[in-house]
Structures are given as C-alpha cells and as structure tokens.
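*Asks:* This is the structure alone, sequence omitted:
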C-alpha cells in the first residue's frame, strides 16, 4: 500500500501524531462515558480528531484506516448536525473504543514494518448500522425546525425591542435561532418592517410544535402568529450564509432590562387568529424565507449551546473537559525524540567535565587570578543551571499513564460485570521519561489485579455492607527523591492463609511460616508462578503478573510495599526513584578503580575496630555494630581488583540497606559525594554480565568512569 | 531520492576499502564501512566478570563503549600498550566497540578479484575470525569478519537480540 514514496521521517511523524490523537480521543471518550451524552464540544473534538486521522492516513495511503475514520466522521457529522437527543452513548463509545484499538493495532504493524492488512469491515458495518438506527429513530425524536412569523398589535410600540425579548426567551429551548430583521436593537427602522411583514424567527428545537405555539401565544400584544415546520435544507440555507454574524447579540444587560420591562406588562394574547397557524409544510413560505434570507446582513444567527439550561451540570462538564484539555495541551507542547534529549544530556555532561578540566587545570596552580575565578564562578553557575534544565526537560507528568488506566478499568468492568470507580490523585506528579515507560506495564497489572481479584461482585459487596460500587484509587506523590505510586482498592483484601497454602503447594516458602511477618507473606505474591486465582481468566490468573511487576520495578531501582486488610482492601505502593538519569552518589575507591553507591541506600560509614570483626568457620566475615551483626562484602574480592588495603581495619566500611536487609561494603576509602549522571553499560558488556552487582556507570569529574553498584543485587546475592 | 543516491555514492566510495592494522607482524584488514574513528589509548575501566579479551569500558566523549584487546582475542600474548597502540572504534549492528591494536597502517582498496577464500585448513576453528585473504601488491592481508570478532559462538544466539 504505502510502500512507495514514503520515507521514515514521514512515517514516524504520522505514527507519532496519530498515536497522540488516538490518546486524546480515548480520553475524550472516557470522560463522556460517565455522562449520558456527548456535549457539543466533545462531538466537535471527536469530529476534528477523526478528520485529521482520515486526512493523514489517506495521505500515507493507509486506506483502511482512512476509510474507517471517514465512517466515524460521517457518524459524528450527523451527530453534530442533527443533535439527536436520545441515542445509546455507551454502545457508541464501545464502537469508537474498538475502532481506536483497531487503528492502534494497525499503527503497531506500521511501526514494525509488517504489512498493514487489517480489515475494518465489521467495525464499519457497526458504525453504519448505528448511524442508520440513529437516522431512523431521529424521525421520531429529531430536532424540529420551525419558522414563526409574529405580528404585533398595532400601536403597541417598540416592536423591535419586544421582538428581541421574544428571541431571548426562545433561546431557552432553542438550539439555534435565526431571525429577521436582524439589526432590531440598533435600527429603529426595523419597527416598520416588523409592523408590515411581521417578525420572522427560524429556530431549531427539541420541543414539539404545540409547545412552541403555546409559548409564542403568550407573547404580549400578539396580534397574529404563523408557525410552520420547515425542512433542514432551508434552515441550512438561512443560517449557512450568516455564520459570520454569529454571536453578535450578546448584550445581556440589555436583554435583562427588556425582560423586566416585558414581564411587567399584562399578558394579552386573546385576539390571536389561530386559524392562520399552519401546521403543514408550506411551500410558499419556504420560498419567501429563501428570498428574505439570501441577504446575509439581514439575518442573525444565534448559536445556543444549551448553556443556560443546566448551568451546574454543564459547568462540571466544562471543568472536566478543560481539565483534559490542559493535560493534552501539556503533551502537545513538547515533541522531541528522547534520543535527542539523551544526546543533549550527554553533551551537557561532557561540558561539565570539560569545565572541571579547565577550572582545575594543573597549569593554573599557584597563580593569582582573581578575574579568572570570577568568570569561572559565573561559568559554573550557568553550567549547573543548564544541567538542571536538561534534567527537568526529561520529566513528564504521570497523567497520561494514569488516564490510560481509565480504559482498562472500564473494559474490565464491562466484561466482569462489576462497577468500579477509578479515582486519580496527583496525576501531575512528574517523573523521568524512562521511568514512565517502566511503570506502565506494572501499573496495568496492578489495576487489573485489583479489579479482577480485589474488588468483589456487587452481590458480595452488598452482603458485606459495602457500597455497591467498588472504588479504586490511583495516587502519586513525591516523597524526597522517590515517587510513590499507590494502587488502592476497597475489595476483599489478601487472604494470608490462602497465600501460604499456595506457596506451600508450589514450594515457594523459604522460611518457616511462623517467622513470617504479614508483609513477608504478602510479598510471596510477587514471586514468579504465584497465583491465588484458581481459574484463569482473560485478565489475570496465570501467575505471570506480579513477578513482572516486581521485575520492572526492580529494574528501575524501585521497591514494592503491600498492605492489606481482610475485607477492607489492599494497598500496593510502588516506590520508584524520581529519575534514572541522575542520582546522588558516594564514590569509593578500591585499588585504582572507583565505584559509586547511591547515597540513598547508605546508612553509615565507619572504620572497623578489630574487636567488632567476627569470622565464622566458613570464613564469612561479619561485623558487629551496636549489638547487631552484619555481613561484610569485600569489593576487591568481589570484583577481583588489586589493592594494598586488605585489612578490614585499614579501609572503610559502608553500611548499605535495601528492603530492610543490610550489608557492609568494604573499600579502600571514600572519595566523596556528588551528583552523578547514570549511564547504562553498553549492550555488549551487559551480555557478558553474569554478576548482579553493577547497575550502570557514570563519568567522574576527570572524565574517568566509575561503576555504580546495584545495592539490591548485592544485598540479595549475599543472602 | 537524492538521499538514496547519496547513500549509494557513499557506499561506493567505501566499497572495497579496508583499514589495515598490525598485530605483531601480521597485517589485518577490516572493512572501512564499520570504522567510525581511530583514537589513542585511553584510560580503561575494567568491568568485573568479563572474558579476558574484554578490557573494560572507555569514555568516548560521553559515550561509554566497551573495548576489546584484539591480541588477546587472537590468543596472543598481551603486552603493554605503547605509543603506537590504537583503539579502532567500529560500529557493528548499532553497537560501538573499540578494538585495541598494535598499530594502524593505512587504508587500501582491494578489488573483489584480489580477494581469495581461505585455504581449507585442518584446524579450521582457529581461523574463524578471518573471512578472506586480500592481495595488495605482493603482500597478503587477512580480512577479518567483524561480527565474529565480537561474538563467540556461544553468544551468537544472544547476539540476535
């Protein structure tokens, strides 16, 4: 299909844009999912998105996607134009979400250079059926379009202002109003026109003809009224040429004054000649209206988005929408490939090193250079600011990830027939881009688990006296240099007995169960192959979920905390570092090599005393600190580095901890603490790495490389 | 389309061109298209638990790349690096790797007709780094297979990753 004339940059751009649009679309849909119907804004938004997707995929010659987008566009075009009042919003949502999935799948194929061969025939069929149904039902409940001609009693005066008041009152139940003559407020000569030809109103409304008639009949000083139902086409013609005039009539103060004025007068509408009211379509009237309205200056269009109808509800909706807009907007601001950012960061890192090389140049030693030092300080300040800036550029809010969970919860609720509300707190929390990639999958697993295993069915909840609707809370907050992501449900909680039983069956127990604390037991569910679920469902139960979570979180140096209470719910906290890219590190020296320990895991550093050192018969060394015994890990032995310092009392001991496990690392000496830019080891090296103990490397001020110790790996391998 | 032609032109100028380097008295050639640059010996940070021919990692302008001592890779005695020792940085399958060699001599063009297959030897396994033999004038250059240089057979399966 799109094999010719495409180049990668274009495909990339297409993929990027379309993915972003789909995400926007998904969010918009999910927001309106909780409402009964789409708001006008939502429809326009969806229409716009679909239009863009259609255009760009047609350009890239992905015909199936563009065709599908076109079908949706058709549907929303109808929704936009006809504004049907009653339609099944949630089934429409289903179709649209399925469409999104389809397009996403196709995009994935494009990304992988697979043939783009998906057929959306079924989806298109569904969409068309939906549209057909909509059109059929529309005949019964569709918008009515009326033309009304109002004649005032002779000598009632101020016909123009009365007419304006009438229009204002009609707005309450009209979707759109066009009237003639148009400049009634500014032009007193319109009085004459109204007197002679009547005041013509074209309006779209859900109200029936009788209702409108009744309303119009209440107009004071009404002499005569003609009310006719007209066709869409004619209305279109009336309003189409006049869009530019829309919104001119917004002088609310004026309107209120008129209202007061009119309300004060007595109602006098008895003289009406009801015979003149035409309920049939009147061809003669059409033509007249056409003639009248061909001149755009004479007609004013009033678009009314039902704003006055129910201000509170709409306000809420608006807030929600604007909320989502801000989120989307922030995403729109930046679109730089991460590779470029990485490159930029490398360069900044190098600049910092180059700066150190200049400022600490041995040639400068012993020279008195006050001007140079002044300039140097300025330089240092700027470089550190640049460094901070580059770091902050890589930070992205969690909102997109969190909102993706909306979709999962919704889909699962549908399938499992549960009702769950998802509450999102602290979505604005920012973390490094790399981290986001690592936590999306774990979060998805946790959310699925919570909905599937955690939250009970409505009947069960009723028996337990809980609210029928389950509640799932997704929360993010920054605590020092960590981000805590909390997934909390109010479900049945973890069953300790069941976990222990399962663990025993599968031989996963390493300790005596009496010795295990609650959190030890809960941690069992993180082991590979563990599932308390007896049957396998579509969503979970294969026992591959939680260990993936564990692994992913481990990879980024995070940890998992599980708390649970029977029948109250479960809370799983992911503690993850704010950024992978920069950490506070303590540099240690062993022989000629330098190693870096993340400062966060260091408890203390001290010189060992002879009497505190214990060696067991197997030769394992331990050290006694305040009555507690900790294992000693000699770095020079572990990494086979030559060093002169081999006596524990000569070097320095650094106690580190991870997950409440402690070890004492022995090195020659401490070099000091600094912020280090973490770099991953080359792929090639990683391939040979059998040892868990090094998580990456970093560049020191003099351009040399220091290896970063993986404390979690060291602690666990030393067990 | 221009870009494509440009690429092809570039490819053409690189085709048949080899960077010649020395280990002891033997001269070897690697295809120039793999070579990104040649740098002097840098301070090398050793990484624990590596095969002995992987000397460690170096910092190449902010980029961390592994370095391989080709002498040790060829099962020769290691020796101190001198002034003439170089690191040839090659880019293979999107991985940058530094190759430590005794010295670098020149870039030569070897036409296809001057490239001969290896004579079949008994101890075939010892020669698996050498792909072909190229003739330059009266001299012979051993043309290396860069992929094999980096990967042991044991790691071939992993290398697919």
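*Replies:* Looks like it arrived, so ask away. Note that the coordinates shown come from a computational prediction; the quantities given were computed from them, not determined experimentally.

*Asks:* these two touch, right, residue B:118 and residue B:133?
*Replies:* Yes - between residue B:118 and residue B:133 there is a contact under C-beta atoms under 8 Å: 6.3 Å. C-beta here means a position set from N, CA and C on the backbone, and glycine is covered the same way.

*Asks:* Among these two, which residue is more densely surrounded?
*Replies:* Just comparing residue B:118 and residue B:133: by other C-beta atoms under 10 Å in any protein chain shown the higher neighbour count belongs to residue B:133, 17 against 14.

*Asks:* quick one, what contacts that one?
*Replies:* Taking C-beta atoms under 8 Å, 6 or more residues apart in numbering or on different chains, we find residue B:133 in contact with B:115-118, B:140-143.

*Asks:* Same question for residue A:496.
*Replies:* Residue A:496 is in contact with A:518, A:521-522, counting by C-beta under 8 Å, 6+ apart.

*Asks:* ok, now with 10 Å
*Replies:* Residue A:496 makes contacts with A:513, A:516, A:518, A:521-522, A:524, A:564, A:566, as judged by C-beta atoms under 10 Å, 6 or more residues apart in numbering or on different chains.

*Asks:* Mind giving me the ChimeraX select for the residues you listed, buried ones only?
*Replies:* Buried residues within these, by 16 or more other C-beta atoms under 10 Å in any protein chain shown, are selected in ChimeraX with:
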select /A:516,521,522,524,564
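
*Asks:* May I ask which of the contacts of residue A:496 comes out lowest in pLDDT?
*Replies:* For the contacts of residue A:496, the weakest pLDDT value sits at residue A:513, with 67.

*Asks:* which element is residue A:386 on?
*Replies:* helix A:370-393 (DSSP states H and E).

*Asks:* residues near residue A:42, how many?
*Replies:* For residue A:42, the neighbour count with other C-beta under 10 Å is 20.

*Asks:* tell me which of the contacts of residue B:133 is nearest to residue A:152?
*Replies:* The shortest gap between residue A:152 and any of the contacts of residue B:133 belongs to residue B:143, at 102.1 Å (C-beta to C-beta).

*Asks:* mind checking how far that closest one is from residue A:571?
*Replies:* Distance, residue B:143 to residue A:571, using C-beta to C-beta, to the nearest Å: 63 Å.

*Asks:* farthest-separated two in the contacts of residue B:133?
*Replies:* Largest separation among the contacts of residue B:133 by C-beta to C-beta: B:117 and B:141, giving 14.1 Å.

*Asks:* For these two, work out which one has more neighbours and name it.
*Replies:* Remark: of residue B:117 and residue B:141, residue B:141 carries more neighbours, 23 against 8, as counted by other C-beta under 10 Å.

*Asks:* Just confirm the more buried one is within a strand.
*Replies:* Yes - under DSSP: H, G, I helix; E, B strand; the rest coil, residue B:141 sits within a strand.

*Asks:* before we move on, the earlier item: and the contacts of the helix holding residue A:386?
*Replies:* Helix A:370-393 has contacts (C-beta under 10 Å, 6+ apart) with A:334, A:336, A:341, A:344-349, A:351-352, A:354-356, A:358-360, A:364, A:369, A:430, A:432-433, A:578-579, A:581-582, A:675, A:677.

*Asks:* If you count neighbours, what's buried in that helix?
*Replies:* Buried-residue list, helix A:370-393, by 16+ other C-beta under 10 Å: A:376, A:383, A:387, A:390-391.

*Asks:* and of those, the nearest to residue A:607?
*Replies:* Nearest to residue A:607, judged by C-beta to C-beta, of these is residue A:387 at 34.2 Å.

*Asks:* And the closest one, how close does it get to residue A:557?
*Replies:* Counting by C-beta to C-beta, the separation of residue A:387 from residue A:557 is 21 Å.

*Asks:* same thing with residue A:198?
*Replies:* Taking C-beta to C-beta as the measure, residue A:198 falls 78 Å from residue A:557.

*Asks:* Repeat that for residue A:624.
*Replies:* Distance of residue A:624 to residue A:557, computed by C-beta to C-beta: 29 Å.

*Asks:* Same question for residue B:32.
*Replies:* From residue B:32 to residue A:557 the distance is 41 Å (C-beta to C-beta).

*Asks:* Which one of those two is surrounded by more residues?
*Replies:* Neighbours per residue, other C-beta under 10 Å: of residue B:32 and residue A:557, the larger number sits with residue A:557, 25 against 17.

*Asks:* Wait, a strand at that one?
*Replies:* No - counting by three-state DSSP, residue A:557 is not part of a strand but coil.

*Asks:* That one against residue A:659, yeah?
*Replies:* No - the criterion here is C-beta atoms under 10 Å, and residue A:557 misses it with residue A:659 at 11.7 Å.

*Asks:* Identify the contacts common to those two.
*Replies:* In the contact map built from C-beta under 10 Å, 6+ apart, the residues linked to both residue A:557 and residue A:659 are A:711-712.

*Asks:* roughly how far out does stretch A:638-646 sit from the chain middle?
*Replies:* The chain centroid and the centroid of stretch A:638-646 are separated by 51 Å, computed with C-alpha atoms, centre = their mean, to the nearest Å.

*Asks:* Could you give the separation of stretch A:146-161 from the chain centroid?
*Replies:* Centroid separation for stretch A:146-161 versus its chain: 53 Å, with C-alpha atoms, centre = their mean.

*Asks:* try stretch A:404-413
*Replies:* Computed by C-alpha atoms, centre = their mean, the chain-centroid distance of stretch A:404-413 equals 13 Å.

*Asks:* any idea of the mean pLDDT for that stretch?
*Replies:* Per-residue pLDDT over stretch A:404-413 has a mean of 82.
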